[in-house]
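Asker: For reference, the sequence and a predicted model appear below.
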Amino acid sequence: MLKTALKPRWILALVGALVVATGFVLLSQWQFNRSQTEAPPPPSTTERVVPLVDHLEPGVDLMAVDADQMVSATGSFLPGKQILVKNRVEDSKTGYWVVAAFKVDGAPGGNTIPVVRGWQGNDATPAPAPTGTVELTGRLLPTEAPIAQDAGQRAYASLSVAELINVWDVPAYSGFITATTVTGAGGTDLSAAASNLVPVDVDPQPQERQINWLNIFYGIEWVVFAGFAVFLWYRLVADEFRKSQEDIADAAALAAGLDPAIVYQRQINLENPTLEPEPKDQL
């Protein structure tokens, strides 16, 4: 069989099978690498307050390594641009987030960012956002996906920046801030409690990595495909070797004046003695 495998065409076929198998192995490695998410930034990084304008640029997607960061911003709330977001849990109670558009000083293009001012238990119209220049700090979080809802509802189903850009008709960052402190002129406290709202506290993300088992299963499948590529080459070589051996046996039978079919049947009977003996020729 080695002589058959060393034929030029089967050597080339082996090279091709190894190339395909290598590609499958690389795909399996890629799946295994994707099966475990990267750990979020440590609290020593996220809990250090940094200016929003230095941390994130408008129009740039908020990646996981930049999210969950405590940021500060100076600016003003835009009048009349405030919404409620429903199904928000605070102290085991379901209620509403009060979200207002905040124009950030120093942001290019006059960009805004949605700010969660606080939480309330019903869908009543909240107090207007503070006026004038204010300073706020809070946690920067990624935008949520928009959720379809019936027209005419007072509250939105998700905090989607893409949706709010159309509702408020203003440019915005690709994330939002849950405000922890809001300070006005002279150090006036304008945070949630001062507006009869419940503060929204968002803790840092857990540091453990999450495992995606679907990616692991895909990685195992690619390894199986790689093995099958080499096994297929082996089967093709073995089939050609067996065929060549049969051709040699047939040629030898013909040279001896025998019928190759009868010789083949006798060989089967010898290998399988439980089979019925071949019928003798009738006289």
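Answerer: Right, received. Where do you want to start?
Asker: Now do the phi/psi pair for the residue lying closest to Pro204 once chain neighbours are set aside.
Answerer: Leaving aside its sequence neighbours, Pro204 sits nearest to Pro43 (C-beta to C-beta, 6 or more residues apart in numbering; 4.8 Å). (Glycine included, C-beta is placed from N, CA and C.) For Pro43, the backbone dihedrals (degrees, to the nearest 10) come out as phi -60, psi -30.
Asker: So for this structure, the centremost residue is which one?
Answerer: Geometric centre of the chain, nearest residue: Arg34, 7.8 Å, by C-alpha atoms, centre = their mean.
Asker: Would you mind giving me the confidence score for that residue?
Answerer: The confidence metric pLDDT takes the value 80 at Arg34.
Asker: May I have the phi/psi pair for it?
Answerer: Per degrees, to the nearest 10, the backbone of Arg34 is at phi -80, psi -10.
Asker: That one contacts Asn212, doesn't it?
Answerer: Yes. The pair Arg34 and Asn212 qualifies as a contact (C-beta atoms under 8 Å) at a distance of 7.0 Å.
Asker: ok, Thr112 to Leu52 distance?
Answerer: In this view, Thr112 and Leu52 are 11 Å apart by C-beta to C-beta, to the nearest Å.
Asker: Same question for Pro58.
Answerer: Remark: distance between Pro58 and Leu52 (C-beta to C-beta) = 10 Å.
Asker: Specify the beta-bridge partners of the closest residue to Glu90 other than its chain neighbours.
Answerer: Distances taken as C-beta to C-beta, 6+ apart place Trp119 nearest to Glu90, at 4.4 Å, with adjacent residues excluded. The partner list for Trp119 in beta bridges (DSSP bridges) reads Trp97, Val198.
Asker: Quick one: mean pLDDT for stretch 205-225?
Answerer: Taken as a whole, stretch 205-225 has a mean pLDDT of 82.
Asker: brain fart, stretch 235-249
Answerer: For stretch 235-249, the mean pLDDT works out to 82.
Asker: List the buried residues of that stretch.
Answerer: Val237, Glu240, Phe241 (16 or more other C-beta atoms under 10 Å).
Asker: Contacts only, for the first one.
Answerer: Read that as Val237. Each residue near Val237 by C-beta atoms under 8 Å, 6 or more residues apart in numbering is listed here: Met1, Thr4, Ala5, Trp10.
Asker: Need the overlap of contacts for Pro58 and Leu52.
Answerer: Shared contacts of Pro58 and Leu52 (C-beta under 8 Å, 6+ apart): Ala107, Tyr173.
Asker: How far off centre is stretch 80-98?
Answerer: 28 Å (C-alpha atoms, centre = their mean, to the nearest Å).
Asker: buried stuff in it?
Answerer: Of the residues in stretch 80-98, Lys81, Gln82, Ile83, Leu84, Val85, Lys86, Arg88, Glu90, Gly95, Tyr96, Trp97, Val98 count as buried by neighbour count, 16+ other C-beta under 10 Å.
Asker: Restricted to strands, list the residues you listed.
Answerer: The strands, defined by DSSP state E, take in Lys81, Gln82, Ile83, Leu84, Val85, Lys86, Arg88, Glu90, Gly95, Tyr96, Trp97, Val98 from the buried residues of stretch 80-98.
Asker: Quick one: the buried residues of stretch 235-249 as JSON lines, columns for secondary structure and distance to Leu26 too.
Answerer: Formatted as JSON lines, the buried residues of stretch 235-249 follow (DSSP: H, G, I helix; E, B strand; the rest coil; distance: C-beta to C-beta, whole Å):
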{"residue": "Val237", "secondary structure": "helix", "distance to Leu26": "25"}
{"residue": "Glu240", "secondary structure": "helix", "distance to Leu26": "30"}
{"residue": "Phe241", "secondary structure": "helix", "distance to Leu26": "31"}
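Asker: Gly23: which of the residues you listed is nearest?
Answerer: Distance to Gly23, by C-beta to C-beta, is smallest for Val237 among the buried residues of stretch 235-249, at 21.2 Å.
Asker: burial count for the closest residue to that closest one other than its chain neighbours?
Answerer: Leaving aside its chain neighbours, Val237 sits nearest to Ala5 (5.0 Å; criterion: C-beta to C-beta, 6+ apart). Neighbourhood size, Ala5 [other C-beta atoms under 10 Å]: 16.
Asker: Sweet, I'm off.
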